[in-house]
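Asks: no FASTA, just this:
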């Protein structure tokens, strides 16, 4: 390890150190606001080390980790999302928690989950892959069940635990098979040996497919999506946001690296498998979302469909595909932060607000909150001016470029279907407000609640990102282009 | 820059219109009205400049603005103005003003938001008429959708939910097909030259294999036919037009339908000259069918707004017929018909809205004999009904006549069918008059006649109708260079239907240079 290696690793080391300090700080003195601010600042400082790390990138640090443009871009995404989530969490927890329940460890676990995400973005070796995977999964599992006196979060936590274990088991077995056939543990090494091999042995293929299924489980692609709606619904909303953004973005970063370095998409069976997963995810997600009466469940099913779109982009192969996937994931994170953020903020004021009825006529009582939700939903639906449109455009362009006409047609058809349920929710926002329902809940409408400045600021930030990427995506596209060329170049050059 | 001003004036005025609600109930109306008036003046200023430039500018853009936007995909903020866009922007601004006046008394709650949405939608439409980068075009094409949707869902009538969903889903489905075709074109350009481009001129120059051209043309056709709408894609229209508030209906029928027609003229027809002669007969068949179908169903309606909506389908059929007629005469007629339909339908929907405001019903069965109660309203209705049925001396007549005359050479049989539609137009228009204003009075309630403002507006529209009907040259000469170029691009491929009628028109409108190749 040289100094250069330390500089390259500084984001990961930084966040790790801050997690430790957070733990010690909690041990010394419990204070919700202070710990929350400290966690936020930790992420901010970690974010600040990224440019520093970029000066030595791309660089392979030991055989385990690679810090390159691709990793740094996803790190930035993951850290920014975590900051927004922390900002949204504070009021939510303040409202949801009774006294003396010990709320501070929440932030520690959040930092650890993000730490796992950072490891995943840089992982280039089976060991770091698995470590990151587990760190993320275990932290999230305890976070989902963090409101431990409620029924739904516990149920969700158990479901997520089972999912995590299954995914890990499949993953480990798959990795073992790959190692058995190739004798290598680095992605690059496995890829190199596979390129030399004349034919692909069945065990090898089985190993690859098991690994990919493990990843699909984490991403919630149909038919491995069963956990998504329940966990999304049951988890505390900020954690749902974390699962939808940080966790998925990190796994996609890993999938991209794994796919490019191992050369997975050159194998026809894998391509068929992914095409099938993509179509099934899009259709299942969208069709089931049509039936939902719960906002969090609706967003859960829609997330299944969105990762179907991401797969369509991924399948296109080559630089445009990696660009499209990265762009889409960034956009998807922004939209999810927006949508779940509104649910979080709204739920911080009088119990969980998940049902459609809770949102009836929201535009007339809380115009900014409703406008934010509408913006996020329009973005999810892919309407121009919002980032979602550019993301969808990118995915379609990648698909058309590779001649995947059927997948692109499936994507279009599904977009139209998805429009229906997004519109249904948007219409609810503009309905006449139900005077009686609010009276029953004992919440006078006139009392004009405000969201608090942290929430207002973070939602405003997300909104500006959605609009900026929708109106002026050029700069980000250039950044992504660099990072992707980095990803592909490293794959070629490393010994 | 001046082109951006055209788009940005309504869009930037929109938030002010919303905020204006706090100051007074009328502030948003005045803000919206003045924004559209400024746009109208600006557009007519550009249009009058246009005249002097016309001789030189064959197909070239008269005013152009070009800034790079997304270099990764070769997308730029490229706006261009030519004769066709000038006419349509003038129409947009004018119909926008009409729509705002029509909502003056009808919209009483959430006035600010209403006008905010109207302005956003109009800004989007103007962008559609100006954009000559296909990505930018699509961007504006979609931009106008959300405000329209909100206008219907918030201020619409009883069945608004159903109607707005149908509207949004149909148009969005059509748009996405269009988007794929646009992306495919840009990537074909990349294959040919090594860099993707969405620029109109670049993509026009692309040579396509005939199979590719056929598929892409189909996609371009579907995208625009949904908006127009033509026969198989029309089912959203009656519901939407009926359930939308009057102002929104006027915008929908007067302008949004024209964006589909504009798309056909600007993109579908000239971009795929390889296959146009194969496709034209089918599309013209669709046009003729739309004319008859719309007319027959209009005859059967009892709801006055629905009747006008179906008559709109019928009129849009003429546009489809003319756009693929293949002669300059027919194309000129198409432009004329777009303007005329905007004026006549706008007037009719305004009147239908006024009736609904007075009697809280659109059922013609419950009206009758209203001539004596509201003489001004009835007179104007008679005038616009006559305009809509194509009475000579009014703008609709010029449009329909030119289209029928110009495309007769290509498809005589379909033109004969379409002419039957004109007869049907007389039946349903006069039937509407008969049932609403003549006969026995069923509703004994007294209602106020048209206000002076509304009456003045309608009178002005009527004057325009007659003026364009008697002196169509002003529209025809403005659109002529564009149409000539269009015909040339189509005729560049073997097209047997080109007849001397093109030069006949040229002599008719008193300018030199025939368009015959």
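Replies: Sure thing, it's come through. All values derive from a computational prediction rather than experimental measurement.

Asks: how about the residues of the stretch 151-300 of chain B that lie near chain A?
Replies: Counting by C-beta under 8 Å from any C-beta of the partner chain, the residues of the stretch 151-300 of chain B close to chain A are B:153-154, B:161, B:164-165, B:168-169, B:172-173, B:176-177, B:179-180, B:183-184, B:186-187, B:190. (C-beta placed from N, C-alpha, C; glycine too.)

Asks: burial measure for residue A:283, as a count.
Replies: Using other C-beta atoms under 10 Å in any protein chain shown, residue A:283 has 18 neighbouring residues.

Asks: State the helix or strand in which it lies.
Replies: Here residue A:283, judged by DSSP states H and E, is contained in helix A:268-290.

Asks: neighbouring contacts of that helix?
Replies: Defining contact as C-beta atoms under 8 Å, 6 or more residues apart in numbering or on different chains, one finds that helix A:268-290 is touched by A:205, A:208-209, A:212, A:216, A:221-223, A:225, A:229, A:264-265, A:298, A:301-309, A:311-312, A:314-315, A:407, A:410-411, A:414, A:417-418, A:420-421.

Asks: Would you mind listing which of those are buried?
Replies: If you count burial by 16 or more other C-beta atoms under 10 Å in any protein chain shown, the buried members of these come out as A:205, A:208-209, A:212, A:216, A:221-222, A:225, A:229, A:264-265, A:298, A:301-309, A:311-312, A:314-315, A:407, A:410-411, A:414, A:417-418, A:420-421.

Asks: and the gap between residue A:336 and chain B?
Replies: 20 Å (C-beta to the nearest C-beta, to the nearest Å).

Asks: Enumerate every residue touching that residue.
Replies: Applying C-beta under 8 Å, 6+ apart to residue A:336 gives the contacts A:241, A:244, A:245, A:299, A:303, A:376.

Asks: now swap in residue A:127 and tell me
Replies: A:64, A:185.

Asks: Find the helix or strand that it is a member of.
Replies: In the assignment (DSSP H and E), residue A:127 maps to helix A:126-144.

Asks: Would you tell me what the next helix or strand after that helix is?
Replies: Once helix A:126-144 ends, the next helix or strand along the chain (criterion: DSSP H and E) is helix A:151-182.

Asks: Could you point out which residue ranges in chain A have low pLDDT?
Replies: Residues of chain A meeting the criterion pLDDT under 70: A:98-100, A:350, A:433-451, A:490-495.

Asks: so what's the most centrally placed residue in it up against?
Replies: Most central in chain A under C-alpha atoms, centre = their mean is residue A:245, positioned 2.5 Å from the mean C-alpha point. By C-beta under 8 Å, 6+ apart, the contact list for residue A:245 reads A:81, A:85, A:332, A:333, A:336, A:337.

Asks: In a markdown table: those, plus secondary structure.
Replies: Output for the contacts of residue A:245, formatted as a markdown table (DSSP: H, G, I helix; E, B strand; the rest coil):
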| residue | secondary structure |
| --- | --- |
| A:81 | helix |
| A:85 | helix |
| A:332 | helix |
| A:333 | helix |
| A:336 | helix |
| A:337 | helix |
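
Asks: right, and the pair among these with maximum separation?
Replies: Of all pairs drawn from the contacts of residue A:245, the greatest distance, 15.0 Å, lies between A:85 and A:332 (C-beta to C-beta).

Asks: from the chain's centre, how far out does the helix or strand residue B:405 falls within sit?
Replies: Secondary structure assignment for residue B:405, by DSSP H and E: helix B:395-407. Counting by C-alpha atoms, centre = their mean, to the nearest Å, helix B:395-407 is centred 16 Å from the centre of its parent chain.

Asks: which helices and strands sit right next to that helix?
Replies: Other elements packing on helix B:395-407 under the criterion 3 or more C-beta pairs under 8 Å, 6 or more residues apart in numbering or on different chains; DSSP states H and E are helix B:304-323, helix B:328-359, helix B:375-388, helix B:412-437, helix B:452-470, helix B:501-508.

Asks: These: which one's closest to chain A?
Replies: Distance to chain A, taken as C-beta to the nearest C-beta, is lowest for helix B:328-359 among these, at 20.6 Å.

Asks: Mean neighbour count and mean pLDDT added to the helices and strands packed on helix B:395-407, as JSON lines?
Replies: JSON lines is the format used below for the helices and strands packed on helix B:395-407 (neighbours: other C-beta atoms under 10 Å in any protein chain shown; pLDDT from 0 to 100):
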{"stretch": "helix B:304-323", "mean neighbour count": "28", "mean pLDDT": "91"}
{"stretch": "helix B:328-359", "mean neighbour count": "27", "mean pLDDT": "90"}
{"stretch": "helix B:375-388", "mean neighbour count": "22", "mean pLDDT": "90"}
{"stretch": "helix B:412-437", "mean neighbour count": "19", "mean pLDDT": "88"}
{"stretch": "helix B:452-470", "mean neighbour count": "17", "mean pLDDT": "90"}
{"stretch": "helix B:501-508", "mean neighbour count": "18", "mean pLDDT": "40"}
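
Asks: which SSE is the most centrally placed residue in chain B in?
Replies: What sits nearest the mean C-alpha location of chain B, by C-alpha atoms, centre = their mean, is residue B:258, with 2.0 Å. Using DSSP H and E, residue B:258 sits within helix B:257-263.

Asks: which residues touch that helix?
Replies: By C-beta under 8 Å, 6+ apart, the list of residues contacting helix B:257-263 from outside reads B:84, B:88, B:91-92, B:125, B:128-129, B:141, B:144, B:220, B:223-229, B:312, B:316, B:319-320, B:323, B:334, B:338, B:341-342.

Asks: pLDDT (mean, whole number) over it?
Replies: When pLDDT is averaged over helix B:257-263, the result is 92.

Asks: roughly how far is the very next helix or strand once past that helix from the heart of the chain?
Replies: Following helix B:257-263 in sequence order, the next helix or strand is helix B:269-271 (DSSP H and E). A distance of 19 Å separates the centroid of the chain from that of helix B:269-271, by C-alpha atoms, centre = their mean.

Asks: Just the pLDDT at the closest residue to residue B:11 other than its chain neighbours, thanks.
Replies: Spatial nearest neighbour of residue B:11, excluding adjacent residues (C-beta to C-beta, 6 or more residues apart in numbering or on different chains): residue B:123 at 3.8 Å. As predicted, residue B:123 sits at a pLDDT of 93.

Asks: show me what contacts residue B:123?
Replies: Contact partners of residue B:123, counting by C-beta under 8 Å, 6+ apart, are B:7, B:8, B:9, B:10, B:11, B:14, B:143, B:144.

Asks: Only whichever of those are buried, select them in PyMOL.
Replies: The buried subset of these, as determined by 16+ other C-beta under 10 Å, is captured in PyMOL by this line:
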select buried, chain B and resi 7+9+10+11+14+143+144
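
Asks: So which of the contacts of residue B:123 is the closest to chain A?
Replies: The nearest member of the contacts of residue B:123 to chain A, counting by C-beta to the nearest C-beta, is residue B:143 at 5.7 Å.

Asks: any chance of the contacts of residue B:123 in a markdown table, with secondary structure, pLDDT and distance to residue B:415 too?
Replies: Shown next, in a markdown table, are these (DSSP: H, G, I helix; E, B strand; the rest coil; pLDDT from 0 to 100; distance: C-beta to C-beta, whole Å):
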| residue | secondary structure | pLDDT | distance to residue B:415 |
| --- | --- | --- | --- |
| B:7 | helix | 90 | 38 |
| B:8 | helix | 90 | 43 |
| B:9 | helix | 91 | 42 |
| B:10 | helix | 90 | 39 |
| B:11 | helix | 91 | 42 |
| B:14 | helix | 89 | 44 |
| B:143 | helix | 87 | 37 |
| B:144 | coil | 88 | 33 |
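
Asks: Roughly how far does the residue nearest to the centre of chain B sit from residue B:239?
Replies: Look at residue B:258 and residue B:239: by C-beta to C-beta, to the nearest Å, they are 20 Å apart.

Asks: what's the answer for residue A:102, then?
Replies: 57 Å.

Asks: Give me the more crowded residue out of these two.
Replies: Of the pair residue A:102 and residue B:239, residue B:239 is the one with more neighbours under other C-beta under 10 Å, namely 20 against 13.
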